[in-house]
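Q: quick one: sequence and predicted model below, then my questions.
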Amino acid sequence: MSNIIVAKFGGSSLADSGQFQKVKAIIRADERRRFVVPSAPGKRNKEDEKITDLLYKCHDYVKNNEPIDGVFDIIAERYMGIVKELPINFDIKAHLDIVRKRISEGASADYTASRGEYLNGLILASYLGFDFVDAKDVIFFNEDGQLDSEKTQEVMSAELSKVKNAVIPGFYGSLPNGEIKTFSRGGSDITGAIVARGIGADLYENWTDVSGFLMADPRIVDEPKIIEKITYKELRELAYMGATVLHEDSVFPVRQAKIPINIRNTNSPADAGTLIVSEIEKGDNKGAITGVAGKKNFTVITIEKNLMNSEIGFGRKLLEIFEKYNVSFEHMPSGIDTLCVIAADGQLNGNLKCILDEINCVCKPDNVYVQRDLALIATVGRGMASVRGTAAKLCTALAEDDINIRMIDQGSSEMNIIIGVESCDFEKSIRAIYNKFVK
Ligand SMILES: Nc1ncnc2c1ncn2[C@@H]1O[C@H](COP(=O)(O)OP(=O)(O)O)[C@@H](O)[C@H]1O
Ligand SMILES: N[C@@H](CC(=O)OP(=O)(O)O)C(=O)O
């Protein structure tokens, strides 16, 4: 046992000086919390803007040859306000000036966005009296932008073992040429997991603004129940399908090392939160679901062709077209003479017309239809496996609320049933499933 806890604090936990004080009290309460990963300041209220969003805005302004001063002043005031209200003597203005200059001179989007975490990390390190370890020196990507896990593990482990306590800003690392590269949005969760693995922590705490992983999105279902324990596998399914409390990729580094993740609430630190582990002993949860999550904005491309089933290589030819346009597809339900490809609108990236033209030219189908505005919903639970009637219960829940199911897909693990519904039925469907299985 290393007796080390890595604590990641999300943007909501570090949105203002009052939140910084809560974070310090949490760190002080347990001396095993030696490594801290902060996000950039998040929203202080519903109408507020995240610093990361403001930084991306600055980058867009520079691209359009517009001055950034108006937006950057808001960013600078947020940081200066935090420093002013904390008992520290830290010259954040000097750092802000450097960042403002580099962004104005056309720094990359990744550099620009990463400064949210960088500046917050500097302030937090000063406030906690911890060393500051720049993520660019311990997290590495290779040339094609993938995380270089081996190098990261080697350097992170060596560097962190030299210090007693440290703050490592979340969300970014560096490319082989030294340039800054960020993870995708919400990626500070991944940094926390990488740091936990790097130092061989006993526990990765992920502090946010809810008292754990909830069985459904609290913005859709009123006061959903908290999941006390969940497996990495279930969590990944739910996180991937829109339960944004934890980035879906943050599971990999800790799962390998069997480091549990504990989701906790900075605003209610006495709550136990949710524990994410590799396996949970079989209990009496047969038929129960662990959670439900979903995402909107998918497109279905349906291809019809007589005798498609006997045309060897049809699927390959079709998928090569998606590969050519760099589209990662989500699902591919099929019938005898039909095949549907479901992809997120963001993946299609304005290439839909070219993809359709190529399908017509290469696959020579009888018909191709496009349906937009599909939402996908995942109902996940290790308790669902081998329990008869689960899919029927799910379909009944939706039928009772007059919701049409456009697609249904069950993974072979029987741990996850995905349904597709019209986007306008999205929230209603989540509530119907939650009410049927949980209430
Ligand atoms: N299943 C879920 N459980 C908990 N929170 C969820 C879930 N689905 C969506 N959320 C939302 O995720 C938010 C926390 O994630 P995020 O805003 O990224 O926090 P942070 O700023 O701490 O990283 C919650 O406030 C909640 O609105
Ligand atoms: N600040 C980044 C990274 C991040 O993880 O933030 P948060 O922990 O507040 O979700 C973002 O907004 O994407």
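A: Great, that's in hand. Numbering: from 1, shown residues only. Ligands and ions are numbered 1, 2, ... in the order given.

Q: going forward, measure contacts and count neighbours with C-alpha atoms only.
A: Will do.

Q: how about the residues of the stretch 151-300 of the chain that lie near ligand 2?
A: F171, R185, G186, G187, S188, D189 (C-alpha under 6 Å from any ligand atom).

Q: now the buried members of the residues you listed.
A: F171, G186, G187, S188, D189 (16 or more other C-alpha atoms under 10 Å).

Q: got the contact list for I123?
A: V83, F90, I92 (C-alpha atoms under 8 Å, 6 or more residues apart in numbering).

Q: G145 now?
A: L175, K181.

Q: doesn't it belong to a strand?
A: No. Assigned with DSSP: H, G, I helix; E, B strand; the rest coil, G145 falls outside any strand and is coil.

Q: ok, and the helix or strand in the chain with the lowest average confidence?
A: Ranked by mean pLDDT, DSSP states H and E, the weakest helix or strand in the chain is strand 407-410, scoring a mean of 86.

Q: what residues of that one count as buried?
A: Residues M407, I408 are the ones in strand 407-410 that count as buried (16+ other C-alpha under 10 Å).

Q: residues in contact with it?
A: Contacts of strand 407-410 (C-alpha under 8 Å, 6+ apart): P333, N416, I417, I418, I419, G420, V421.

Q: can you dump the C-alpha atoms of the helix or strand hosting E234 in PDB for me?
A: Taking DSSP states H and E as the definition, E234 sits inside helix 232-240. These are the backbone C-alpha positions of helix 232-240, laid out as PDB (Å, rounded to 0.1, in the frame of the first residue of the first chain):
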ATOM      1  CA  TYR A 232     -15.300   0.200 -14.500                       C
ATOM      2  CA  LYS A 233     -17.100  -1.500 -17.400                       C
ATOM      3  CA  GLU A 234     -20.500  -0.100 -16.500                       C
ATOM      4  CA  LEU A 235     -19.100   3.300 -15.800                       C
ATOM      5  CA  ARG A 236     -17.400   3.400 -19.200                       C
ATOM      6  CA  GLU A 237     -20.700   2.500 -21.000                       C
ATOM      7  CA  LEU A 238     -22.600   5.300 -19.100                       C
ATOM      8  CA  ALA A 239     -19.800   7.900 -19.400                       C
ATOM      9  CA  TYR A 240     -19.500   7.200 -23.100                       C
END
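
Q: just checking, what packs against that helix?
A: Judged by 3 or more C-alpha pairs under 8 Å, 6 or more residues apart in numbering; DSSP states H and E, helix 232-240 is in contact with helix 251-256, strand 274-277, strand 291-304, strand 367-380.

Q: that helix versus strand 367-380: what angle between them?
A: If you take axes from the mean of the first three to the mean of the last three C-alpha atoms, to 10 degrees, helix 232-240 sits at 130 degrees to strand 367-380.

Q: quick one: the strands in the stretch 51-200 of the chain?
A: 131-132, 166-167, 172-174, 180-182 (DSSP state E, counting those that start in this stretch).

Q: distance to F35 added to these, as TSV?
A: Shown next, in TSV, are the strands of the stretch 51-200 of the chain (distance: least, C-alpha to C-alpha, whole Å):
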stretch	distance to F35
strand 131-132	9
strand 166-167	5
strand 172-174	16
strand 180-182	20
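
Q: grab the nearest non-local neighbour of A166.
A: In this structure, A166 finds its nearest non-sequential neighbour in D131, 4.5 Å apart by C-alpha to C-alpha, 6 or more residues apart in numbering.

Q: domain assignment for the chain?
A: 5-277, 291-437 (automatic domain parsing).

Q: so which of those gets nearest N285?
A: N285 lies closest to domain 291-437 among the domains of the chain, at 5.4 Å (C-alpha to C-alpha).

Q: quick one: the closest one near ligand 1?
A: No. If you take C-alpha under 6 Å from any ligand atom as the test, domain 291-437 misses ligand 1, and the best it gets is 6.7 Å.

Q: now that domain, how far from the centre of its chain.
A: Chain-centre distance of domain 291-437: 21 Å, with C-alpha atoms, centre = their mean, to the nearest Å.

Q: ok, S157 - contacts?
A: G198, I199.

Q: start the count at 32 instead of 1 going forward.
A: All set: I'll call the first residue 32, so the last point we hit is now S188.

Q: show me the buried ones among the residues of the stretch 182-331 of the chain next to ligand 2 that map onto helices.
A: S219, D220 (DSSP state H).

Q: sorry, back to before: turn the helices and strands packed on helix 263-271 into TSV, columns for mean neighbour count, mean pLDDT and distance to S139.
A: Below are the helices and strands packed on helix 263-271 laid out as TSV (neighbours: other C-alpha atoms under 10 Å; pLDDT from 0 to 100; distance: least, C-alpha to C-alpha, whole Å):
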stretch	mean neighbour count	mean pLDDT	distance to S139
helix 282-287	20	91	27
strand 305-308	22	95	36
strand 322-335	22	96	28
strand 398-411	20	95	33
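
Q: pipe those into CSV and attach distance to D368 per row.
A: As requested, the helices and strands packed on helix 263-271 are exported to CSV (distance: least, C-alpha to C-alpha, whole Å):
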stretch, distance to D368
helix 282-287, 38
strand 305-308, 42
strand 322-335, 6
strand 398-411, 11
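
Q: picking that back up, buried ones only from the contacts of strand 438-441, please, as a PyMOL command.
A: Filtering the contacts of strand 438-441 down to the buried ones (16+ other C-alpha under 10 Å) takes a single PyMOL command:
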select buried, resi 447+448+449+450+451+452
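
Q: ok, so of the contacts of strand 438-441, who is nearest L407?
A: G451 (4.6 Å).

Q: strands paired with whatever helix or strand the closest one lives in, and their directions?
A: Assessed by DSSP H and E, G451 sits inside strand 447-453. Strand pairing for strand 447-453, determined by DSSP bridges: strand 398-411 (antiparallel), strand 438-441 (antiparallel).
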